[in-house]
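In: Return atomic coordinates for the entry below.
(2 chains)
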Amino acid sequence: NAGVTQTPKFQVLKTGQSMTLQCAQDMNHNSMYWYRQDPGMGLRLIYYSASEGTTDKGEVPNGYNVSRLNKREFSLRLESAAPSQTSVYFCASSEARGGRASTDTQYFGPGTRLTVL
Amino acid sequence: QKEVEQNSGPLSVPEGAIASLNCTYSDRGSQSFFWYRQYSGKSPELIMFIYSNGDKEDGRFTAQLNKASQYVSLLIRDSQPSDSATYLCAVARGGAQKLVFGQGTRLTINP
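Out: Okay, here's the model as predicted:
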């Protein structure tokens, strides 16, 4: 079991370039999440997918789009990268199907370090 | 006021002592509370969660929750150098598990 995997591990973009961050999980989890982590800010939720076929905005969705390709994969796209999107991006997954799942555990991938020049 | 607040530290504790990490939250509708540990350059990993008032123990770790005071803490007994990390408090309001994280407390255990 690889758990949650993310590609790439590192990426440098120029302002205005686009890219897609890939995430996959092999735990048969229903819910998947994208976070960003900035120094001193903790983790902030960008988008999440409570189940296959659904996506919803989190706390900081502007400038991002997501696709839940199937149950295993959840991608994050930056259409026109900006320096403010320089961050570490974490994907996570959990078993919850949505609804009341207050003790659901999220498992995190290793992260993607993105720098936008 | 931030939804979830932690003292960013750094918090320095001698080896073998008790480390006490604190977290306050603003939303009284919050239902469950999580403590994650994050080593430098690594991803967060769950230590434990708590949803009922009182204490919950797991090995050297004890989580304490006081919903009336909107306060949750993590105690680490017999602290080891390997406990040196950033500890993240996260709060869930139910639903689709939309966690809100605090900024984290950096803990250093001194041999």
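In: give me every residue that touches the spatially most central residue of chain A.
Out: Among the residues of chain A, A:W34 comes closest to the average C-alpha position under CA atoms, centre = their mean, at 2.2 Å. Taking CB atoms under 8 Å, 6 or more residues apart in numbering or on different chains, we find A:W34 in contact with A:21, A:23, A:45-48, A:58, A:64, A:66, A:74, A:76, A:89-92. The C-beta positions use only the backbone N, C-alpha and C, and glycine is treated the same way.
In: Specify the next element, helix or strand, located C-terminal of the host helix or strand of it.
Out: Per DSSP states H and E, A:W34 falls inside strand A:31-38. Using DSSP H and E, the helix or strand that follows strand A:31-38 in sequence is strand A:42-49.
In: ok, that next one near chain B or not?
Out: Yes. On the criterion CB under 8 Å from any CB of the partner chain, strand A:42-49 is in touch with chain B at A:G42, A:L43, A:R44, A:L45, A:Y48.
In: Just after that strand, pick out the following helix or strand.
Out: strand A:56-57.
In: what residues does that following strand touch?
Out: A:Y47, A:Y48, A:S49, A:A50, B:A96.
In: Reformat those as TSV; add distance to B:G9, neighbour count and pLDDT.
Out: Formatted as TSV, these follow (distance: CB to CB, whole Å; neighbours: other CB atoms under 10 Å in any protein chain shown; pLDDT from 0 to 100):
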residue	distance to B:G9	neighbour count	pLDDT
A:Y47	30	22	95
A:Y48	29	27	92
A:S49	33	22	92
A:A50	34	23	86
B:A96	31	23	48
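In: Next, format these as a markdown table and append distance to B:E45.
Out: A markdown table is the format used below for these (distance: CB to CB, whole Å):
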| residue | distance to B:E45 |
| --- | --- |
| A:Y47 | 22 |
| A:Y48 | 19 |
| A:S49 | 22 |
| A:A50 | 23 |
| B:A96 | 21 |
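In: which one of the residues of strand A:42-49 next to chain B is nearest B:Q6?
Out: A:G42 (8.0 Å; CB to CB).
In: And for the closest one, nearest residue in space, chain neighbours not counted?
Out: B:F101 (3.9 Å; CB to CB, 6 or more residues apart in numbering or on different chains).
In: Quick one: residues contacting that neighbour.
Out: Contacts of B:F101 by CB under 8 Å, 6+ apart are A:G42, A:L43, A:R44, B:V4, B:Y36, B:L88, B:C89, B:A90.
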